[in-house]
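# model this:
(one chain, ligands or ions: 2)
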Amino acid sequence: ARGPATPATTLRSLYKLPLTTARKISTHVAYLAKERAVAIEAVERASQVCQAVFQRLITAETLTKKDKSPVTVADFGAQAVVNHILERYFPDDPVVGEEDSKDLQGEEGRVLREKVTELVNATTGDAMSSDEASCFARSCILRAIDRGQYAGGPRGRHWTLDPIDGTKGFLRGEQFAVCLALIIDGQVHLGVVGCPNLPYDMSKPDGERGVLMVAVKGQGAFQRKLSADSSEQETPVHVSGVQNTSDAVFCESVEAQHSDHSTNANIARLLGITKPSVRMDSQCKYASVARGDAEIYLRLPVSETYVEKIWDHASGNIIIHEAGGRVSDINGKPLDFSIGRTLSANKGVVAASAKIFDEVIGAVQATLAKDN
Ligand SMILES: Nc1ncnc2c1ncn2[C@@H]1O[C@H](COP(=O)(O)O)[C@@H](O)[C@H]1OP(=O)(O)O
Ligand SMILES: [Mg+2]
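Ligands and ions are numbered 1, 2, ... in the order given. Here you go, the predicted structure:
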């Protein structure tokens, strides 16, 4: 009797291949296929949470008063949704997430807890409880959020999540990203970045917005429309082919506290760059370099003490590599995701298309040597 269909037997019958060949191909084709699909679903749902908050809670008043509460609701909501979905499909995988449920607990956290719960339930269609007393229940908001407390490290698999990267951009109605990555034995194997406000096609900046980028190790990087149904086409993305750095565009943070604009400008000058920098919040910068909107991403540290977090770079890192680019810290050292929740072995970040990467690192080093 024939057993259940496997990817290998399906390929064999479809393409009339010998079973050994079909097996070889199928292990490649299927590598992390389920993880990829679940991660896309989770990022799409979390992006919907963020957009719902933006439409409902961000008003002219919250903006003028610089009230940050909407982003807090969206942050917790997005982390609850992603962790809930990951738990359903991969119950044994721990998660390194940016948020914890402290601010949602007790009487003090009740209002926020109820807002987050209402939002999450409206988005997922599941009835997740906000009742602290029943938090042993599988679908409790607080428990879902606190599945993100894993310490990370060099062994086994874990996910890393930034539910809203670029909170300032979110509040301004500009760029932000929902970022989810899978780390296996200290290396990023899968990354998804959802950019709800990024134009799908940069040649039409006023056109349709909402991009999801995804990459699996060895399989290339792809973009699709955010919230597109799964039959919608994915298209491969590649870094720019620009050979001369003088023709390059570089991007950097909007916030001067996150990256040293004046050092970035000195590096750009040394590279002969004349075009103004593109300032953008969040890991959308990695997405921009991955699809060739810009050639270089510079993140020169402002402070001696700030340590970058793995959830701020894991997804972007694999997307750049799979799109044909390179990423390192300011000393040319690869980002080390195996240490724990932070990139404590690295300083700053530089990403660029492979053709010009060495030259960019050279300019970074020369500029830093001159400054010191
Ligand atoms: N001093 C700093 N240097 C670099 N990054 C920072 C610094 N302070 C905060 N960040 C982080 O930078 C990220 C956003 O960067 P970008 O400017 O590229 O949008 C956020 O995750 C933010 O963390 P946090 O979420 O804790 O504020
Ligand atoms: Mg972040």
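# which element follows the worst-scoring helix or strand of the chain on mean pLDDT toward the C-terminus?
One helix or strand of the chain scores below all others by mean pLDDT, DSSP states H and E: helix 60-64, with a mean of 66. Once helix 60-64 ends, the next helix or strand along the chain (criterion: DSSP states H and E) is helix 69-89.
# and that next one, what other elements does it pack with?
Identification of packing neighbours for helix 69-89 by 3 or more Cβ pairs under 8 Å, 6 or more residues apart in numbering; DSSP states H and E yields helix 33-57, strand 95-97, helix 110-124, helix 141-146, strand 157-165, helix 167-172, strand 177-184. Placement of C-beta: from N, CA and C, glycine included.
# looking at the ones you listed, which is buried most?
strand 177-184 (a mean of 28; mean count of other Cβ atoms under 10 Å).
# point me to the residue of the stretch 251-372 of the chain nearest ligand 2.
D312 (4.4 Å; Cβ to the ion).
# I25: how many residues sit nearby?
By other Cβ atoms under 10 Å, 16 other residues sit near I25.
# tell me the contacts of L300?
Counting by Cβ atoms under 8 Å, 6 or more residues apart in numbering, L300 touches 259-260, 263-264, 267, 330, 348, 364.
# next: G210.
47, 195-198, 200, 225-227.
# confirm that it sits in a helix.
No. Remark: G210 does not belong to a helix; assigned using DSSP: H, G, I helix; E, B strand; the rest coil, it is strand.
# quick check: buried residues in stretch 195-205?
Neighbour counts over stretch 195-205 (16 or more other Cβ atoms under 10 Å) mark 195-200 as buried.
# which residues does the residue of the chain found nearest ligand 2 bridge with?
For the chain and ligand 2, the shortest gap (Cβ to the ion) falls at D165, measuring 3.6 Å. Applying DSSP bridges to D165 gives these bridge partners: A177.
# how about V237, phi and psi?
Note on V237: backbone dihedrals following degrees, to the nearest 10 are phi -120, psi 150.
# then V349?
phi -140, psi 140.
# that one - nearest residue in space that isn't next to it in sequence?
Of all residues not flanking V349 in the chain, R299 sits nearest, at 4.1 Å (Cβ to Cβ, 6 or more residues apart in numbering).
# and if you look at V49?
Nearest one to V49, counting by Cβ to Cβ, 6+ apart, is G77 at 4.4 Å.
# do I have it right that that neighbour meets L119?
Yes. Contact criterion Cβ atoms under 8 Å: G77 and L119 qualify, at 4.6 Å.
# okay, and the common contacts of those two?
Common neighbours of G77 and L119 (Cβ under 8 Å, 6+ apart) are 49, 53.
# ligand 1 versus the residue nearest to V49, what's the distance?
Using Cβ to the nearest ligand atom, to the nearest Å, G77 is found at 16 Å from ligand 1.
# what sits against that residue?
46, 49-50, 53, 116, 119-120, 123, 163.
# give me that answer again for 10 Å
Counting by Cβ atoms under 10 Å, 6 or more residues apart in numbering, G77 touches 45-46, 48-50, 52-53, 115-124, 141, 145, 163-164.
# residue contacts, N266?
260, 300, 363-364, 366-368, 370-371.
# make it 7 Å
Taking Cβ atoms under 7 Å, 6 or more residues apart in numbering, we find N266 in contact with T367.
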